[in-house]
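> sequence first, predicted coordinates after that:
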Amino acid sequence: MSRYNSETPMVNESEYYDFLKKKRGVKKIVQFGTPVMFHPGLVSRTLLTTTSYIWATGDHFYKLAHTYYGDSRFWWVIAWYNGYPTEADIKKGALIEIPSNLEDGLRVLGR
């Protein structure tokens, strides 16, 4: 499941992209709007069961998503829940929390 599944595609008619349309030989660019997601608050976090994980050298969000959810495409759930935009922002030894139930994690994030 992509984080864009519930978003409606839109046609971007901005003149800013004219060069790109010309380069690609297309008349329009269809893209998704930015999804609205939430950073879970204290109450939401206390109601959600999570697994604690200590970040180690060689870890990646997609590997953790595969291990805990059976699907690496949900890497962004772990990243968003912990407030890390990229893996480069996490220091070795950092404690992160992984929502134990994927559906509950998606609900808390507003998806």
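Good, I have the coordinates. Numbering: from 1, shown residues only.
> average pLDDT for stretch 45-62, rounded please.
For stretch 45-62, mean pLDDT is 93.
> sorry, slip of the keys, the one I care about is stretch 13-24.
Here the average pLDDT along stretch 13-24 is 86.
> what of stretch 102-111?
Model confidence over stretch 102-111 averages 84 on the pLDDT scale.
> got the CA positions of it in CSV?
Provided in CSV are the C-alpha atoms of stretch 102-111 (Å, rounded to 0.1, in the frame of the first residue of the first chain):
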residue,chain,number,x,y,z
LEU,A,102,0.3,-2.1,10.7
GLU,A,103,-3.4,-1.2,10.5
ASP,A,104,-3.3,0.5,13.9
GLY,A,105,-0.1,2.4,12.8
LEU,A,106,-1.8,3.6,9.6
ARG,A,107,-4.8,4.8,11.5
VAL,A,108,-2.8,6.7,14.0
LEU,A,109,-0.9,8.4,11.1
GLY,A,110,-4.1,9.4,9.5
ARG,A,111,-4.0,6.9,6.6
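> name the element the residue nearest in space to the middle of the chain belongs to?
Closest residue to the average C-alpha location of the chain: W76 at 2.7 Å, with Cα atoms, centre = their mean. According to DSSP states H and E, W76 maps onto helix 75-82.
> where do the strands sit along this protein?
Secondary structure of the chain (DSSP state E): strands located at 9-12, 29-32, 50-54, 95-99.
> ok, T50 touching P99?
Yes - using Cβ atoms under 8 Å, T50 and P99 qualify as a contacting pair, with a distance of 5.5 Å. (Each C-beta comes from the backbone N, C-alpha and C, glycine too.)
> of these two, give the one with the bigger neighbour count.
P99 (25 against 16; other Cβ atoms under 10 Å).
> and the more buried one, what is it in contact with?
P99 sits next to 48-50, 77-78, 81, 105, 108 when contact means Cβ atoms under 8 Å, 6 or more residues apart in numbering.
> how is the chain divided into domains?
With domains defined by automatic domain parsing, the chain comprises 1-36, 42-108.
> just name the most buried of these.
With neighbours defined by mean count of other Cβ atoms under 10 Å, none of the domains of the chain is more surrounded on average than domain 42-108, at a mean of 14.
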